[in-house]
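1. Structure for the following, please:
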Amino acid sequence: MSRLYNNPGDAAHPAVSGQVRSTASVIAIVCAFGSFYLASRQHQLFGFILALVAIGAGLIGGLRALSPKVSGGILSIIAVALGAIAIVYSLLALVF
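-> Down below sits the predicted model:
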């Protein structure tokens, strides 16, 4: 839905808002990096949980980014990939 604003002497221009970054994709990337940090600091369980949150939030952010008004699709894909790697990293850090 766009609104038209008439300025004196100008033709009508549509008022269009820019894209908004998906909050879920930002949460996903922060959780993915936090997962690596916690797993490297001997908190593998919390790192594993954050990796699961990163994957879930990345999937939600990717679905929200399908809308043309929301950006962050690439960020969500990266967060899901990093979350998957972080799960493996957390499990390896737990074993070794």
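
2. okay, CA-based contacts and neighbour counts for the rest of this
-> Fine.

3. Quick check: L66 touching S76?
-> No: assessed by Cα atoms under 8 Å, L66 is found out of contact with S76, at 11.2 Å.

4. So these two - more neighbours on which side?
-> The neighbour comparison of L66 against S76 (other Cα atoms under 10 Å) goes to S76, with 30 against 12.

5. Let me see the contact set for that one.
-> By Cα atoms under 8 Å, 6 or more residues apart in numbering, S76 lies in contact with S25, V26, A28, I29, A57, G58, L59, G61, G62.

6. Dump these into TSV; add distance to F36, pLDDT and secondary structure as well.
-> Below are the contacts of S76 laid out as TSV (distance: Cα to Cα, whole Å; pLDDT from 0 to 100; DSSP: H, G, I helix; E, B strand; the rest coil):
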residue	distance to F36	pLDDT	secondary structure
S25	17	94	helix
V26	16	95	helix
A28	13	97	helix
I29	11	96	helix
A57	16	97	helix
G58	16	96	helix
L59	19	97	helix
G61	20	95	helix
G62	21	94	helix
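
7. Break down this protein into its strands, ranges please.
-> All strands of the chain, identified by DSSP state E, fall at 3-5, 13-15, 20-21, 70-71.

8. still on that earlier bit, can the contacts of S76 go into TSV with extra columns for neighbour count and distance to G83?
-> Below are the contacts of S76 laid out as TSV (neighbours: other Cα atoms under 10 Å; distance: Cα to Cα, whole Å):
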residue	neighbour count	distance to G83
S25	32	12
V26	19	13
A28	31	8
I29	26	8
A57	24	10
G58	34	9
L59	20	11
G61	29	14
G62	24	14
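
9. now the residues you listed as JSON lines including distance to I87?
-> Formatted as JSON lines, the contacts of S76 follow (distance: Cα to Cα, whole Å):
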{"residue": "S25", "distance to I87": "18"}
{"residue": "V26", "distance to I87": "19"}
{"residue": "A28", "distance to I87": "14"}
{"residue": "I29", "distance to I87": "14"}
{"residue": "A57", "distance to I87": "15"}
{"residue": "G58", "distance to I87": "14"}
{"residue": "L59", "distance to I87": "16"}
{"residue": "G61", "distance to I87": "19"}
{"residue": "G62", "distance to I87": "20"}
